[in-house]
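A.B. asks: Pasted the sequence and its predicted model underneath.
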Amino acid sequence: MNASLDNVSRLELPPPPRRFKGGPDGSVWILRLICVPYFVLGIGSFVYWLFLLLWAMFGTDTPGTVTAASMSRTSKGDTTLKYQYRVGQEMKSDSDSVSYAIYREYESEDNPWPNLVRVHYFSLGPFNHAELRESGGLWRLTSLVGLGALASNFMMWTAFYQFWLKPLRVRWLCQRGLAISGIVTGKRVVVRRGATYYISYAFSDPATGNSMQDEMLIWNKKLWDNGFAGQNITVFYSPKNLKRSTVYEFSGYRVNAAIAASNNR
């Protein structure tokens with residue numbers, strides 16, 4: 001660690017647990033609200049995938065009857081079979097997309113109606129699902145939905161970590177973390193749909209003296225604008241994990257001055 005960092009004077013702060021005011025600006029709450037649909041989509045897609053998994057594993061085949069065969073006028077030329085099947089005393093109707101070869105088999109005038117098919121059916125409480133065996137393997141739809149659920153849950157957990165977990169960790173560190181002197185080593189901005197601001201910083205491991213490097217997302221652009229490389233800062237870190245740290249001056253939190261004064265007497 002260089003001398004400029006070693007000689008930084010530590011900010012006088014009360015010992016943990018501390019009482020702070022403030023926090024990230026309102027933009028984080030806007031982003032949290034925007035992410036709510038992703039949470040709903042992620043949870044919903046995962047539950048639907050679990051249901052389809054049960055359908056594929058524990059569903060039963062029941063005989064059905066084709067009632068119509070049609071080809072939609074789309075660029076893909078989708079072919080569809082409409083069918084009926086009986087569950088208990090109830091007659092149900094449904095339709096599935098099938099390959100063109102299957103469609104031609106059931107649409108052909110040489111194949112007299114009615115045509116029998118196999119319907120894979122499963123119900124759980126008020127929910128049920130049916131699909132023709134002739135439309136493809138049982139795992140085709142389950143696999144497609146599983147991939148979609150994986151993608152949506154990846155986005156959900158990424159958003160949760162960035163907009164919920166990280167700010168809560170910063171708050172916890174400001175309240176209960178140990179304080180040590182540090183220095184700003186750089187700053188950057190990432191521009192995609194919007195701008196995201198970061199500062200990088202360094203501090204010494206109090207046990208070994210080794211240099212620790214980290215980067216912090218800054219919610220308040222004004223704080224980021226006022227930061228500069230070489231700036232002396234106060235770093236709050238977790239005594240159980242030095243990789244969990246934050247910078248007091250860029251956190252958006254401010255210690256209650258009256259409480260700080262009383263604790264430092």
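C.D. replies: Arrived safely.
A.B. asks: who's in contact with the closest residue to Pro206 other than its chain neighbours?
C.D. replies: On the basis of C-beta to C-beta, 6 or more residues apart in numbering, the spatially nearest residue to Pro206 that is not a chain neighbour turns out to be Ile180, at 6.1 Å. Bear in mind the C-beta positions are built from the backbone N, C-alpha and C, glycine included. The neighbourhood of Ile180, defined by C-beta atoms under 8 Å, 6 or more residues apart in numbering, consists of 10, 203-204, 206, 234-235, 237.
A.B. asks: Doesn't Pro17 belong to a helix?
C.D. replies: No: residue assignment for Pro17, taken from DSSP: H, G, I helix; E, B strand; the rest coil, gives coil, which places it outside any helix.
A.B. asks: Contacts only, for the nearest residue to Arg171 once chain neighbours are set aside.
C.D. replies: Counting by C-beta to C-beta, 6+ apart, Arg171 lies nearest to Gly23, which is 6.6 Å off, once chain neighbours are set aside. For Gly23, the contacting residues are 167, 171, 251-253, taking C-beta under 8 Å, 6+ apart as the criterion.
A.B. asks: thinking Tyr237 is in contact with Ser204, fair?
C.D. replies: No: the criterion here is C-beta atoms under 8 Å, and Tyr237 misses it with Ser204 at 10.6 Å.
A.B. asks: Looking at these two, which is more packed in?
C.D. replies: The residue with more neighbours, out of Tyr237 and Ser204 and counting by other C-beta atoms under 10 Å, is Tyr237; that gives 22 against 19.
A.B. asks: Neighbours of Gly182, how many?
C.D. replies: For Gly182, the number of neighbouring residues by other C-beta under 10 Å comes to 26.
A.B. asks: how far away is Phe51 from Asn153?
C.D. replies: Distance, Phe51 to Asn153, using C-beta to C-beta, to the nearest Å: 15 Å.
A.B. asks: Next secondary structure element downstream of the longest helix along the chain?
C.D. replies: The helix spanning the most residues in the chain, taking DSSP state H as the definition, is helix 27-58. Counting by DSSP states H and E, the next helix or strand C-terminal to helix 27-58 is strand 60-71.
A.B. asks: Show me what that next one is in contact with.
C.D. replies: Judged by C-beta under 8 Å, 6+ apart, the contacts made with strand 60-71 from elsewhere in the structure are 77-87, 93, 103, 106-107, 113-122, 132-133.
A.B. asks: Out of those residues, which end up buried?
C.D. replies: Burial by neighbour count, judged by 16 or more other C-beta atoms under 10 Å, picks out 79-81, 83, 85, 103, 106-107, 115, 117, 119-122, 132 from the contacts of strand 60-71.
A.B. asks: Specify which member of these is nearest to Tyr161.
C.D. replies: Out of the buried ones among the contacts of strand 60-71, the one with the shortest distance to Tyr161 is Phe122. That distance is 34.7 Å, counting by C-beta to C-beta.
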